[in-house]
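Enquirer: return atomic coordinates for the entry below.
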Amino acid sequence: MKKQLLLLLLLLSFGTVMAKNRKVKIITPYGTMIIRLYDQTPLHRDNFIKLVKAHFYDSTLFHRVINTFMIQGGDPDSKHAQPGAMLGNGDVSYTIPAEFELDLYHIKGALAAARDNNPMKASSGCQFYIVQGKKWTDEQLDKLEQTRLGGRKIPVDQRERYKRIGGTPQLDQSYTIFGQVVKGMDVIDKIATQKTDANDRPLTDVPMKIRLIHKFLFF
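Expert: A predicted model of the protein is given here:
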């Protein structure tokens, strides 16, 4: 009986570990990005994992690319889209409530949910972007606080990372961040610098497939 109880506790612990600190890999023609999903944003994390498991993103494109800003993908209409077709309006039938966290911010490599201009800032159920951004100076960050951020001060530690690593601080607390690239940062730059059309769609398609990275725990 004790052995069975111990086994049950170990299995429950294993399930808990598996549910946290999940990682995915985004495979592209320009390399693979490894992304850690944040546990602070469980609604977005779990929805993303659900779609990845269903192979929802396979053959979708990074359909909107803006150098020094971000790369965006996840539009289901982008699968096998005709060259030059305008993309970005495809979605699933639901949105996800915003999950803003003060310690999650738009540093380079941040994974965030796209959205329309709805007043609740609810996220698209499937479209996402990965931050490239740029490096900022103190003067630029000061001006941003006074204008786009409406007087909100950027914490000192975040400010230093925006100066050293880069990002898009103008988007903080407006779009939900739910992950971070931990390997393959150079892939962001390779995609972000692709030539694009008037709608910011790369002239050469950048397809992706996303896979969950399975962890194995040995007792």
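
Enquirer: what ranges do the strands span in the chain?
Expert: Along the chain, counting by DSSP state E, strands occupy 23-28, 31-37, 62-66, 70-73, 95-96, 110-113, 123-124, 128-131, 177-183, 209-213.

Enquirer: looking at the ones you listed, spot the one closest to K153.
Expert: strand 177-183 (18.6 Å; C-beta to C-beta). From N, CA and C alone the C-beta is placed, and that goes for glycine too.

Enquirer: in stretch 77-91, what counts as buried?
Expert: D77, S78, A81, L87, G88, G90, D91 (16 or more other C-beta atoms under 10 Å).

Enquirer: give the buried residues for stretch 112-121.
Expert: In stretch 112-121, counting by 16+ other C-beta under 10 Å, buried: A112, A113, A114, R115, K121.

Enquirer: if I look at the residue nearest to Y30 when sequence neighbours are not counted, how far off is Q146?
Expert: Nearest residue to Y30 in three dimensions, chain neighbours excluded: K190, at 4.1 Å (C-beta to C-beta, 6 or more residues apart in numbering). Per C-beta to C-beta, to the nearest Å, K190 is found 35 Å from Q146.

Enquirer: which of the two has more neighbours?
Expert: K190 (15 against 11; other C-beta atoms under 10 Å).

Enquirer: wait, that one touches P29, no?
Expert: No: counting by C-beta atoms under 8 Å, P29 is not a contact partner of K190; they are 9.1 Å apart.

Enquirer: quick check: closest non-adjacent residue to the most centrally placed residue in the chain.
Expert: Here the mean C-alpha position of the chain is nearest to the C-alpha of L111 (C-alpha atoms, centre = their mean), at a distance of 1.8 Å. Of all residues not flanking L111 in the chain, G179 sits nearest, at 3.5 Å (C-beta to C-beta, 6+ apart).

Enquirer: for R22, same thing?
Expert: Leaving aside its sequence neighbours, R22 sits nearest to L37 (C-beta to C-beta, 6+ apart; 4.8 Å).

Enquirer: for that neighbour, give me its contacts.
Expert: Each residue near L37 by C-beta atoms under 8 Å, 6 or more residues apart in numbering is listed here: N21, R22, K23, V24, R45, F48, I49, L111, F178, G179.
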